[in-house]
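# Show me the folded form of this:
(2 chains)
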Amino acid sequence: MEILGLLIPVSLGLGLLGLLAFWWMLRRGQFDDPDGDAHRILRDDYDDKPKN
Amino acid sequence: MTATFEHSRPAACPACVAAPAAEALAAAPPVDATLMLSLPGIHCAGCISGVERVLNRVPGVTDARVNLTLRRAAVQAGPDVDVADLCAALSAAGYEAHELDAGTLAVTDADRQGRDLLMRLAVAFFAMMNVMLLSVAVWSGAEGFTRDMMHWISAAIAIPAVIFCGRPFYASAWGALRGGRLNMDVPITLAIVLAVGTSLYETMQSGEHAYFDAAIALCTFLLAGRYLDHRTRAAARSAAQELAALEVPRALRVTDTGEETVSVAALCVGDHVRVKPGGRIPVDGRVVAGQSELDRSLMTGESQPVFAGPDTQVSAGEVNLTGPLTVEVMAAGRDTALHRIADLVAVAEAGRGNYTSLADQAARLYAPGVHILSALAAVGWFIGTQDLRVALNIAAAVLIITCPCALGLAVPAVTTAASGRLFRRGMLIKDGTALERLAEVDTVVFDKTGTLTTGAPDPIGLDTLAGSQARVALALARGSSHPLAEALTSGLAARGVRPAHVEALSEHPGYGIAGTWKGQPVQLGRAAWVGADAPDVTATFLRIGDAAPVMIAFADTLRDGAADLVETLKAQGKRVMLVSGDTQAAVRRFAAGIGINDVVAEALPMEKAQIVADLAKDGARVLMVGDGLNDSAALAGAHVSISPASGLDAARAASDMVLMNRSLAPIADAMRTAVSARARIRENFSIATVYNILAVPLAVAGLCSPLIAALAMSSSSITVSLNALRLK
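You can find the predicted model right below:
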């Protein structure tokens, strides 16, 4: 059972990592327009050269 | 043609509402500004590309980005770019566009609130998953040191999480208690505090049961409900309220030395102001010089422009159509007719505040119920066992098991589903309880001009004009920006008529336009001016030489879906009324055409509000549909109200829902959806109650383990959410 002493902090750390990633995405506005982002991937406007 | 009515709208009260904000904007140094546009019609990847391409081609625009979820576009543009030009460019490309308030302050405020809730939800979810996993060990029979360790780790995660995540509930509960009321958040807060408190005490005593998982799960599910609720309303509310063209309320004051631009607030009675053609009259007053015609449709509902010459009384909000006018100020600011209507709206709104939503009805029954129940259970166990620790444990268990997890989700889940459906059809719901109220409607009151009609005239009988008459009419009409002339121009041009060669064109403001064609004088204008008898319909007259004048009549264009809507409502057995400020003849003819029998014509704004109030007094649940300033008091006073996006911002601000499309068809959809949404909400309350009825006896009997609490809470929340998704 000593392994729990390692596993619990590790699992908590991984969870925290996910939480931080979510916080970062929220700050970057990635949840501002979910519908639009789903459609934007399908258009070919900037296939030749990226938008500058 | 509706474009005439889409720009330069005044705020509900120009002098006091918009002035400071607008002037601050105007005074700011010219920098790249973010302009916001509302795009109700976009729906696919092609639309995103199309809109962004159109906007990027407008000179001065540096960047444009469409948000499909909110159906908006944010445009970075130089100071010389006008939002009206952007809207016009988009309309030309086939995308319906409206102006959103340039002050993005309110928008970012709502965004911040949403992000704040989402962050709390994320933290709560993270904590819940971890505590639940740790609890699995306890549920599966951990004992002694292992169980204590699990409890301590759970406490270390749950306590900070609960403190951080539950803040919206604590704040709301505290506000309610301070005001001497009970709301849904009071039992929620009590349950969380009691659960965490007793669990911590139990953990210290190496006890068997700790409810950390339940406390944090409670937070998570309730935050999910709050977030859904916020998202539905924030998008709709900000779009609807800020669909306003912030018109800087300025006036041209005529002084001895010339003209100067001053704020409306600085005008005094007796000042003279000049109103250019196409401008809105800023004050109540009397014409002292000039001749023109006035469009009063947004103020009174009259569809026909009226003549204005010296000594004509004018009111703030009317639009000057053809010639420049000089107006002597008789009332400005708070004393104008415009402001009196704003006061009427405030009075009407105050009268409506007594609606109790389904959620409030549930909370009113529920909140005292659970408190009494858990107190009784605690007292009973204390008398039975003389053990305070057991009694408190039982009380916490009862509060947790009855906690309105599912109740908190029951309404937001359904309204989110319903608002999402209606949003896709072009309907914004500004008020959380609007759908519930819409479901109760049995009487529908329509305004005419601008609501059932588009407010734009449409020439009829053009095919009966002889070829040369049509060509002369087109040549004359092209020379004027009067709405009737513009309608005639586009009507004739659409028929492929080529303009005749008319010389010496001159516009006679207030009367019409004249010229010379093949050596004979030609005129297009008012009946009296060309020597004809005035008919009771909207019409203009064409006179060529000495020939008898020819009448060109105009009909109001029926709004898309208006006829179908009236028919559907009548088929559903609802009482349909038409209340308009237009003339008797025009209203009666229109009502007969569309099939409405209950008609009130020439109604003043206060009469409209009175009609709605009287209907309500007789027990009717009134849905008011209107667009003008004269409707706003009635809109605010009705049980529920809808206004089209083309309406005045005062009307939109006063109503519960805004129609983003030109069509009226979504109203019928909305009523159907509202009825089914109300049924779903009731079902959800029943489901939540059934879970409570099953679980409460266990909790009172002391048989409720943390496992049972977690199961009951999760399964009832999930059932309620799934039921909401069944909404048709």
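# domain parsing for chain B?
With domains defined by automatic domain parsing, chain B comprises B:3-103, B:250-335, B:417-454+B:560-674, B:456-558.
# who touches the residue in the stretch 601-728 of chain B that chain A sits nearest to in this structure?
Shortest the stretch 601-728 of chain B-to-chain A distance, computed as CB to the nearest CB: residue-wise this is B:M660, at 15.9 Å. To be clear about C-beta, it is placed using only N, CA and C from the backbone, and glycine gets the same treatment. Residues in contact with B:M660 (CB atoms under 8 Å, 6 or more residues apart in numbering or on different chains) are B:S38, B:P40, B:R71, B:E96, B:H98, B:G426, B:M427, B:L428, B:A645.
# Got phi/psi on the spatially closest residue to the first one that is not a sequence neighbour?
Looking back up the chat, that one is B:S38. Spatial nearest neighbour of B:S38, excluding adjacent residues (CB to CB, 6 or more residues apart in numbering or on different chains): B:H98 at 4.4 Å. Backbone torsions of B:H98, given as degrees, to the nearest 10, read phi -130, psi 160.
# B:D447 versus B:H98, what's the distance?
Distance, B:H98 to B:D447, by CB to CB, to the nearest Å: 20 Å.
# and what of B:S686?
Between B:S686 and B:D447 the distance, using CB to CB, works out to 39 Å.
# Kindly report the same for B:Q584.
Taken as CB to CB, the span from B:Q584 to B:D447 is 16 Å.
# Excluding covalently adjacent residues, which one is nearest to the closest residue to chain A within the stretch 401-550 of chain B?
Nearest residue of the stretch 401-550 of chain B to chain A, counting by CB to the nearest CB: B:R424, 10.1 Å away. Excluding its sequence neighbours, the residue lying closest to B:R424 (CB to CB, 6+ apart) is B:H43, at 7.8 Å.
# what's the helix or strand for that neighbour?
Following DSSP states H and E, one finds B:H43 outside all helices and strands.
# And for the one 4 residues further on?
With elements delineated by DSSP H and E, B:C47 resides in helix B:45-57, which encompasses its position.
# farthest residue from the center of chain B?
Most distant from the centre of chain B: B:G144, at 59.3 Å, with distances by CA atoms, centre = their mean.
# Now the top helix by length along chain A: buried residues?
Secondary structure of chain A per DSSP state H: the longest helix is helix A:4-27. For helix A:4-27, the buried set under the neighbour-count rule, 16 or more other CB atoms under 10 Å in any protein chain shown, comprises A:I8, A:L12, A:G15, A:L19, A:F22, A:L26.
# Report all helices and strands that that helix contacts.
If you count contacts as 3 or more CB pairs under 8 Å, 6 or more residues apart in numbering or on different chains; DSSP states H and E, helix A:4-27 packs onto helix B:105-139, helix B:144-165.
# among those, which is nearest chain A?
Using CB to the nearest CB, the helices and strands packed on helix A:4-27 put helix B:105-139 closest to chain A, at 4.7 Å.
# Now the closest one: average pLDDT?
Average pLDDT, helix B:105-139: 81.
# packing partners for it?
helix A:4-27, helix B:144-165, helix B:167-178, helix B:212-241, helix B:706-725.
# tell me the angle the following helix or strand past the third one makes with helix B:706-725.
Stepping forward along the backbone from helix B:167-178, the first helix or strand reached (DSSP H and E) is helix B:185-204. Relative orientation of helix B:185-204 and helix B:706-725, computed by axes from the mean of the first three to the mean of the last three CA atoms, to 10 degrees: 150 degrees.
# So what's the gap between helix B:185-204 and the chain middle?
40 Å (CA atoms, centre = their mean, to the nearest Å).
# Which secondary structure elements does it sit against?
In terms of contacts (3+ CB pairs under 8 Å, 6+ apart), helix B:185-204 is packed against helix B:144-165, helix B:167-178, helix B:212-241, helix B:358-385, helix B:388-402.
# rerun at 6 Å
helix B:144-165, helix B:167-178, helix B:212-241, helix B:388-402 (3 or more CB pairs under 6 Å, 6 or more residues apart in numbering or on different chains; DSSP states H and E).
# tell me which parts of chain B are close to chain A?
Counting by CB under 6 Å from any CB of the partner chain, the positions of chain B adjacent to chain A are B:A45, B:I48, B:S49, B:N67, B:L68, B:T69, B:R115, B:A122, B:F126, B:N130.
# Pull out the buried residues from those residues.
B:A45, B:I48, B:S49, B:N67, B:L68, B:T69, B:R115, B:A122, B:F126, B:N130.
# Quick check, the first one in contact with A:I41.
What that stands for is B:A45. No. In this structure, B:A45 is not within contact of A:I41 by CB atoms under 6 Å, at 8.4 Å.
# What is the neighbour count of the closest residue to chain B within chain A?
Closest residue of chain A to chain B, CB to the nearest CB: A:G36 (3.4 Å). By other CB atoms under 10 Å in any protein chain shown, 20 other residues sit near A:G36.
# do you know how far the closest residue to it other than its chain neighbours is from A:R40?
Distances taken as CB to CB, 6+ apart place B:L68 nearest to A:G36, at 3.4 Å, with adjacent residues excluded. Using CB to CB, we find B:L68 at a distance of 8 Å from A:R40.
# Which residues are in contact with each of the two?
Listed as contacting both B:L68 and A:R40 by CB atoms under 6 Å, 6 or more residues apart in numbering or on different chains is no residue at all.
# Need the per-residue pLDDT for residue 41.
Answering for chain A, as no chain was given. At A:I41, pLDDT is 82.
# my bad, chain B
So B:G41 comes in at 73 (pLDDT).
# Torsion angles phi and psi at it?
Main-chain dihedrals, B:G41, degrees, to the nearest 10: phi -90, psi -10.
# now, of the domains of chain B, which is deepest in the fold?
domain B:417-454+B:560-674 (a mean of 22; mean count of other CB atoms under 10 Å in any protein chain shown).
# What's the end-to-end length of that domain?
Counting by CA to CA, to the nearest Å, you get 11 Å between the two ends of domain B:417-454+B:560-674.
# How about the secondary structure of B:L484?
Taken by DSSP: H, G, I helix; E, B strand; the rest coil, the conformation at B:L484 corresponds to helix.
# Any figure for the gap between it and A:S11?
Counting by CB to CB, the gap between B:L484 and A:S11 amounts to 75 Å.
# Neighbours of the one residue in the stretch 201-350 of chain B that gets nearest to chain A, how many?
Closest to chain A within the stretch 201-350 of chain B is B:R231: 10.2 Å, counting by CB to the nearest CB. With neighbours defined by other CB under 10 Å, the count for B:R231 comes to 19.
# any low-confidence regions in chain A?
For chain A, the stretches flagged by pLDDT under 70 are A:1, A:51-52.
# Go again with 80.
Within chain A, the ranges that satisfy pLDDT under 80 run A:1-2, A:4, A:31-35, A:43-52.
# Now do the phi/psi pair for B:L465.
Backbone torsions of B:L465, given as degrees, to the nearest 10, read phi -70, psi 140.
# again, but for B:L698
Main-chain dihedrals, B:L698, degrees, to the nearest 10: phi -60, psi -40.
# Might one say that it is in contact with B:C704?
Yes. Judged on CB under 6 Å, B:L698 makes contact with B:C704 at a distance of 4.6 Å.
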